[in-house]
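Student: sequence and computational prediction follow.
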Amino acid sequence: MFLGTYSPRLDEKGRLILPAKYREELADGLVLTRGQERCLYVFSIGEFERVHEQLRAAPLASKQARDYIRVFLSGASDEVPDKQGRVTIPPPLREYAGLDRELAVIGAGSRAEIWDAQSWNDYLSEKEAAFSETEEEVVPGLF
């Protein structure tokens with residue numbers, strides 16, 4: 001499970017040092033792809049295979065499903081971290097997420113997300129007030 005928030009930097013070659021807590025889960029490989037809200041999703045290979053199976057179950061007759069699958073998979077890049085835990089983020093994905101040098105890597109349970117640090121701070125500032133006002137209907141049975 002991916003938890004927490006980390007503040008790594010992107011190096012001049014477009015590489016990110018993965019948070020130490022994530023390295024074992026991602027050591028055999030990972031998939032980076034476009035996420036929603038202009039972040040990048042980071043999946044372990046096993047989790048990405050599970051997500052892909054769910055996508056395959058979507059009805060081909062659904063234009064919305066086809067559009068989502070195209071955007072999601074066309075941006076996907078499988079990567080293997082090097083011995084120092086670094087992973088290269090391909091230029092099109094860096095551009096999509098507006099990544100500058102300062103990043104925020106957050107745990108989102110079954111995946112991690114990579115955000116431009118300022119974008120993450122703006123998002124969090126906007127959403128924290130609504131978080132404290134969340135009602136039971138958002139996640140049924142949680143509280």
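Tutor: Okay, I see it. Residues are numbered from 1 along each chain as shown.
Student: so residue 40 sits right up against residue 92, yeah?
Tutor: No: if you go by C-beta atoms under 8 Å, residue 40 and residue 92 don't touch, sitting 10.7 Å apart. To be clear about C-beta, it is placed using only N, CA and C from the backbone, and glycine gets the same treatment.
Student: more neighbours: which of those two?
Tutor: Using other C-beta atoms under 10 Å as the criterion, residue 40 and residue 92 rank with residue 40 on top: 26 against 12.
Student: check contacts around the nearest residue to the more buried one once chain neighbours are set aside.
Tutor: Leaving aside its sequence neighbours, residue 40 sits nearest to residue 114 (C-beta to C-beta, 6 or more residues apart in numbering; 4.2 Å). Counting by C-beta atoms under 8 Å, 6 or more residues apart in numbering, residue 114 touches 16, 32, 39-40, 42, 89, 97, 99, 103-105.
Student: center of this protein, which residue is that?
Tutor: Residue closest to the mean C-alpha point of the chain, counted by C-alpha atoms, centre = their mean, is residue 41 at 1.7 Å.
Student: for that one, phi and psi?
Tutor: Here is the backbone geometry of residue 41 (degrees, to the nearest 10): phi -90, psi 140.
Student: how about it: what's its closest non-neighbour residue?
Tutor: Closest to residue 41 by C-beta to C-beta, 6+ apart is residue 35, at 4.0 Å.
Student: so how far is residue 16 from that neighbour?
Tutor: 15 Å (C-beta to C-beta, to the nearest Å).
Student: counting neighbours, what do you get for the closest residue to residue 109 other than its chain neighbours?
Tutor: Leaving out its chain neighbours, the residue that sits closest to residue 109 by C-beta to C-beta, 6+ apart is residue 1, at 5.9 Å. When counting by other C-beta under 10 Å, one arrives at 9 neighbours for residue 1.
Student: helix or strand right after the host helix or strand of residue 106?
Tutor: Element membership for residue 106 (DSSP states H and E) is strand 103-107. Under the assignment DSSP H and E, the closest C-terminal helix or strand after strand 103-107 is strand 112-116.
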